[in-house]
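[1] Need a 3D model of the sequence below.
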Amino acid sequence: MAMRKVSFAEGEFYHIYNRGNSRQTIFVTVTDYKRFVALLYLANSTNPFEFREISDRELFGFNRGEQLVAIGAYCLMPNHFHILATPLVEDGIVKFMRKLSTGYSMYFNKKHHRTGALFEGKFKSEHVDSDNYLKYLFSYVHLNPVKLIQSKWQQEGITNLQEVFTYLDQYQYSSYIDNQITRPETNIINRSKFPEYFTTKKEYDNEMNEWLKYSKD
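    Now for the predicted structure:
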């Protein structure tokens, strides 16, 4: 029986995610995280690239040509990642994820002296079919790192709210800081293609706080 091809429509929003094969760690070192973040930028391009020929200083000056997707949020965790995106061209998400997954897998396997599949099959996706769901995902994606400091917060509630927001402010491997309204556009994030749910940082923090309290309830 033939597999049904997943269709990603322009103008629609998608939650993209994947994890390490057998739940293995896919980000072992700081360099691993930085390489994936760099690929979020470089892979979002119609132009080919050779990573080894691009210095850190030149990275965000690379001519990408046309972007394949607009990224609204992302978060990297030790054994998985989340991306909130909308395609800008036909098959944009498929092309972007192919370049991202292949590029990172090749780097990781070479660096860590391993072979075989790094990820648990093809990337997973959920169509964001409502405005409420899309708004919620901006909190859900960015709240993932809370589990690293308060592992049972969803069952037992937050023990130290200030610690959570301080940690999220300092977490370098998500777009949380980039989505704090005062910095709506970065080299990776393109918020102009997403609804403007929050107009101030206080509104965004209040939304995050509501979800932190809601999970316990």
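
[2] tell me which element the residue sitting nearest the centre point of the chain falls in.
    For the chain, the residue sitting closest to the mean C-alpha position, by C-alpha atoms, centre = their mean, is Tyr74 at 2.1 Å. Tyr74 belongs to strand 69-77 when assigned by DSSP states H and E.

[3] what's the next secondary structure element after that strand?
    Following strand 69-77 in sequence, per DSSP H and E, is strand 80-87.

[4] I'd like to know how far the residue nearest to the centre of the chain sits from Glu50.
    24 Å (C-beta to C-beta, to the nearest Å). For glycine as for every other residue, the C-beta is placed from the backbone atoms N, C-alpha and C.

[5] swap in Tyr140?
    35 Å.

[6] any idea where the helices of the chain begin and end?
    Remark: helices assigned in the chain by DSSP state H are 30-42, 92-111, 131-143, 153-156, 161-170, 201-216.

[7] so which of those helices gets nearest Glu10?
    In terms of C-beta to C-beta, the element of those nearest to Glu10 is helix 92-111, at 7.4 Å.

[8] Report the distance from the closest one to the chain centre.
    14 Å (C-alpha atoms, centre = their mean, to the nearest Å).

[9] for stretch 88-96, same thing?
    That offset, for stretch 88-96, works out to 16 Å (C-alpha atoms, centre = their mean).

[10] For that stretch, list every residue counted as buried.
    Using 16 or more other C-beta atoms under 10 Å as the test for burial, stretch 88-96 gives 88, 92-96.

[11] And for stretch 192-206?
    So, applying 16+ other C-beta under 10 Å, buried residues of stretch 192-206: 193-194, 197-198, 204.

[12] Would you confirm that the residue nearest to the centre of the chain contacts Phe81?
    Yes. Judged on C-beta atoms under 8 Å, Tyr74 makes contact with Phe81 at a distance of 7.0 Å.

[13] distance of Asp140 from Leu134?
    Not quite, residue 140 is Tyr, not Asp. Distance from Tyr140 to Leu134, by C-beta to C-beta: 11 Å.

[14] cool, Thr31 as well?
    33 Å.

[15] same check, this time on Asn187
    From Asn187 over to Leu134 (counting by C-beta to C-beta), the distance is 23 Å.

[16] which residues are contacting stretch 205-212?
    135-136, 138-140, 142-143, 146, 153, 158, 161, 164-165, 168, 197-198 (C-beta atoms under 8 Å, 6 or more residues apart in numbering).
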